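> A predicted structure for the sequence below; I have some questions about it.
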Amino acid sequence: MSANHAAFNLIFRFVENYVSPIAGRISSQRHVMAIRDGFISAMPFMIVGSFLLVFAYPPFSPDTTWGFARAWLDMAKQFEGQILTPFDMTMGIMSIYICAAIAYNLGKHYVKSHQLDPFMCAMLSLMAFLLVAAPKTKGTLPVDSLGGTGIFTAILVAIYCVEMMRFLKAHNIGIRLPDQVPPMIKNSFDLLIPVLVVVVTLYPLSLVIQSQFGMLIPQAIMSVFKPLVSAADSLPAILLAVLIGHLLWFAGIHGAAIVSGMLQMFWLTNLGANQTALAAGQPLPHIFMEAFWTFFIVIGGSGATMGLVICYLRSRSAHLRSIGRLSVVPSFFNINEPVIFGTPIVMNPVFFIPFLLAPMVNAVLAWAAMTFDLIGRVISVVPWTAPAPIGAAWALGWDFRAAILVVVLACVSAIIYFPFFKVYEKQLLEQEAEEAQRSAEEDNQQVA
């Protein structure tokens with residue numbers, strides 16, 4: 001037992017002294033925060049667009065004879081173009097929203113220090129992104145690079161434009177107008193020089209890449225990041241992300257927020273590729289996306305604590321039983337702060353192993369199920385508060401085999417947690433018995 005405690009203390013000190021400070025600095029870094037908040041701001045467009053994609057491609061076999069399914073398939077086929085138009089204007093051009101949202105959120109960090117206007121930052125970034133990702137060709141704007149393939153470019157362009165505006169402001173480079181001029185007019189004139197700088201820097205670069213490599217900047221950047229995207233979709237990368245996120249959580253840092261913020265760009269790139277493949281009638285290439293994390297790995301919240309809540313509901317300990325009753329409904333909606341802090345799990349050596357092991361086992365089982373086509377793959381953005389079985393089925397285009405898998409994974413998590421739960425329950429029962437005995441002795445003394 002002492003050896004186990006020594007090992008736990010060694011791991012905890014390493015996380016606390018080395019991992020946590022680095023993670024804390026990363027999570028509070030302004031560019032990382034802007035990227036995270038930008039993705040969150042664009043989420044409503046992606047959720048609505050994903051819902052429409054599922055509606056356009058019903059989850060039924062083309063030769064089905066079931067009345068409801070047949071009617072849905074026929075209607076979807078007849079009105080496919082009309083249904084997909086809103087999808088094309090939401091998910092299909094999601095990089096536009098992401099670029100503008102990241103620039104806006106990054107610009108907010110410089111409002112006080114450099115007097116930047118976040119709205120103007122968003123406008124400039126939007127223009128710059130369209131300039132390099134959708135140059136006018138034969139009277140039309142190509143949209144191929146405005147979806148998932150343009151995400152990395154959208155991030156880089158947004159950061160470049162805002163930082164360039166900050167540099168110009170810091171060095172007083174711009175058109176100065178009298179103080180009597182209204183602020184909106186001054187802000188619009190402040191944008192003249194940044195627009196000029198963007199045109200004379202990004203546009204020539206775009207032309208050179210087009211002439212030398214026959215591709216747009218987003219396509220070139222995507223080719224560079226392609227190995228990284230492929231690596232991020234592998235099982236080792238998934239397990240590493242789960243491990244880091246839960247080590248941070250165990251040390252008291254919201255690891256899920258940090259890890260998801262870093263992975264969001266890869267998740268959306270993978271999602272865009274899956275949606276493109278679905279529309280083309282091709283096999284879906286990717287597994288690791290936000291819905292995979294939320295509804296298959298961390299069922300009930302970080303640590304896959306739905307399994308632990310199930311154990312708590314039958315506990316002989318009054319404390320754990322009350323935590324279970326308080327946590328069961330929030331856990332159903334993937335909110336597990338009551339069980340995380342009510343147990344507590346943070347910095348509790350008894351739950352260190354299952355808190356890491358349960359989500360990693362879930363990841364392996366869910367990854368295997370998708371790899372061997374036992375269930376489908378993610379094609380939709382789903383609100384993370386959707387109940388896990390429903391959210392899983394929704395994310396996979398209403399593949400209800402996913403809901404069954406989620407129930408199985410929750411039971412697996414409960415099995416993993418059970419022996420550690422019994423150890424902790426025994427400790428609490430002893431404490432509760434001691435407290436009851438002490439209380440009885442105090443009552444007897446008062447009576448005497």
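Yes, it's here.

> Tell me which other helices or strands the longest helix seen in the chain touches.
As assigned by DSSP state H, the longest helix anywhere in the chain is helix 400-447. Here helix 400-447 touches helix 306-313, helix 318-332, helix 352-371, helix 388-395, going by 3 or more C-beta pairs under 8 Å, 6 or more residues apart in numbering; DSSP states H and E. Every C-beta, even on glycine, is put in place using the N, C-alpha and C of the backbone.

> can you pull the buried residues of the longest one?
Taking 16 or more other C-beta atoms under 10 Å as the basis for neighbour counts, the residues of helix 352-371 that come out buried are 352, 354-363, 365-367, 369-370.

> Residues touching that helix, excluding its own?
8, 11, 235, 238-239, 242-243, 246-247, 249-250, 287, 292, 296-299, 302-304, 307-308, 345, 374-377, 405, 408-409, 412-413, 416-417, 420 (C-beta atoms under 8 Å, 6 or more residues apart in numbering).

> and if you look at the last one?
Taking contacts as C-beta under 8 Å, 6+ apart, the residues outside helix 388-395 that touch it are 54, 289, 291-292, 294-296, 299-300, 306, 332, 334, 378-384, 386, 399-400, 402-407, 410.

> ditto for the second one
When contacts are taken as C-beta under 8 Å, 6+ apart, the neighbours of helix 318-332 outside the stretch itself are 300-301, 305-306, 309-315, 336-339, 342-343, 387-388, 421, 424-425, 428, 432.

> could you flag which of the contacts of helix 352-371 are buried?
11, 238-239, 242-243, 246-247, 249-250, 287, 292, 296-299, 302-304, 307-308, 345, 375-377, 405, 409, 412-413, 416-417, 420.

> out of those residues, which are inside helices?
11, 238-239, 242-243, 246-247, 249-250, 292, 307-308, 405, 409, 412-413, 416-417, 420.

> Check the average confidence over the longest helix of the chain, would you?
On average, the pLDDT along helix 400-447 is 85.

> How about stretch 285-293?
Stretch 285-293 comes out at a mean pLDDT of 94.

> distance between the ends of it?
One end of stretch 285-293 to the other measures 17 Å (C-alpha to C-alpha, to the nearest Å).

> and it, how far out from the chain's middle?
10 Å (C-alpha atoms, centre = their mean, to the nearest Å).

> Contacts made by it with the rest, please.
Against stretch 285-293 from outside (C-beta under 8 Å, 6+ apart): 232-233, 237-238, 241, 260, 263-264, 266-268, 270-271, 273-274, 277, 366-367, 370-371, 377-378, 380-382, 384, 391-392, 395-396.

> Please apply the same query to stretch 237-246.
19, 231, 255-256, 258-260, 263, 287-288, 293, 297, 302-303, 355-356, 359-360, 363-364, 367.

> Report the residue spans of the stretch 51-200 of the chain with pLDDT below the cut-off.
Residues of the stretch 51-200 of the chain that meet the criterion pLDDT under 70 lie in 180.

> In TSV, list the helices and strands packed on helix 400-447 along with distance to residue 178 and mean pLDDT.
What follows is the helices and strands packed on helix 400-447, written out as TSV (distance: least, C-beta to C-beta, whole Å; pLDDT from 0 to 100):
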stretch	distance to residue 178	mean pLDDT
helix 306-313	63	93
helix 318-332	57	90
helix 352-371	60	95
helix 388-395	56	92
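
> just the helices in the stretch 1-150 of the chain please.
Remark: helices assigned in the stretch 1-150 of the chain by DSSP state H, counting those that start in this stretch are 2-14, 20-28, 30-56, 67-78, 80-88, 94-108, 111-114, 118-133.

> okay if I get these as a markdown table plus distance to residue 156?
Listed next are those as a markdown table, based on distance: least, C-beta to C-beta, whole Å:
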| stretch | distance to residue 156 |
| --- | --- |
| helix 2-14 | 34 |
| helix 20-28 | 18 |
| helix 30-56 | 11 |
| helix 67-78 | 37 |
| helix 80-88 | 24 |
| helix 94-108 | 9 |
| helix 111-114 | 20 |
| helix 118-133 | 9 |
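
> So which of these is the most surrounded?
helix 94-108 (a mean of 26; mean count of other C-beta atoms under 10 Å).

> That one packs against which elements?
helix 30-56, helix 118-133, helix 151-170, helix 255-279.

> Isn't residue 55 up against residue 83?
Yes: taking C-beta atoms under 8 Å as the definition, residue 55 is a contact partner of residue 83 at 6.0 Å.
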